[in-house]
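Trainee: pasting the sequence and the predicted coordinates here, then a few questions.
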Amino acid sequence: MEMKKLRGQFRSTIWDPTLIVSQILAVQFIFYSSLGLWLSIVNLVSGTYCSLDLLFKYEEIHLHDFGGRAVITAFVLNSLTGAVALWFIVRRTKQCLDFAATTHFLHLLICWMYNSHFPGIVSWWLLNAACVTIMCVFGEYLCLRTELQAIPLSVGPKADL
């Protein structure tokens, strides 16, 4: 595998499609696993039912009753979990927007297939736009903190050359 250094860049870049696809699949897996977990917890507290409809059905996202607000809460909490996944899996501030958008775009496609029609509900679009934003911004914040950590310099004696 050949490494190609870009002038003016701190890190070398590698075009590795296998790594990128693996990261996309890992983030998507964590996205749905944690969303299922958050929905289970929120619905256990609220006393409502658990179903795949809560993950994929457009009509489940509403403010009319406590069940709809519980689903919205689970999605928002899941975007925070997704940001942590970006921090652990992607580890690059510049790539957080790409992975957050890809995750939610794949969610759009899956919802479209599940419902057999394109989403036309405004609350679904607003919630997903907010979740992409939260996941991206918080993921960038976490990655940036890691990238900007000071590089420790040893002050001990030098090793024999």
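Mentor: Yep, it's here. Residues are numbered from 1 along each chain as shown.

Trainee: burial count for Arg145?
Mentor: Other residues lying near Arg145 total 11 when counted by other Cβ atoms under 10 Å. No exception for glycine: its C-beta is placed from N, CA and C like everyone else's.

Trainee: for Phe138, see how far away it is.
Mentor: 11 Å (Cβ to Cβ, to the nearest Å).

Trainee: what helix or strand does the residue nearest the centre of the chain sit in?
Mentor: Taking Cα atoms, centre = their mean, the centroid of the chain lies closest to Gly82, which sits 3.3 Å from it. Per DSSP states H and E: Gly82 is located in helix 66-89.

Trainee: mind listing what's buried in that helix?
Mentor: Neighbour counts using 16 or more other Cβ atoms under 10 Å place 67-68, 70-75, 77-83, 85-87, 89 of helix 66-89 among the buried residues.

Trainee: and what of stretch 53-61?
Mentor: So for stretch 53-61, counting by 16+ other Cβ under 10 Å, buried means 54-58, 60-61.

Trainee: out of these, which are inside helices?
Mentor: 54-56 (DSSP state H).

Trainee: could you pull out the helices for this structure?
Mentor: Using DSSP H, helices in the chain cover 17-46, 53-56, 66-89, 96-115, 122-147.

Trainee: what ranges in this protein fall below the confidence cut-off?
Mentor: 1-13, 150, 153-161 (pLDDT under 70).

Trainee: what is the burial count for Val132?
Mentor: A count of neighbours around Val132, defined by other Cβ under 10 Å, yields 20.

Trainee: mind checking how far it is from Ser116?
Mentor: 24 Å.

Trainee: same check, this time on Ile72
Mentor: Distance of Ile72 to Ser116, computed by Cβ to Cβ: 23 Å.
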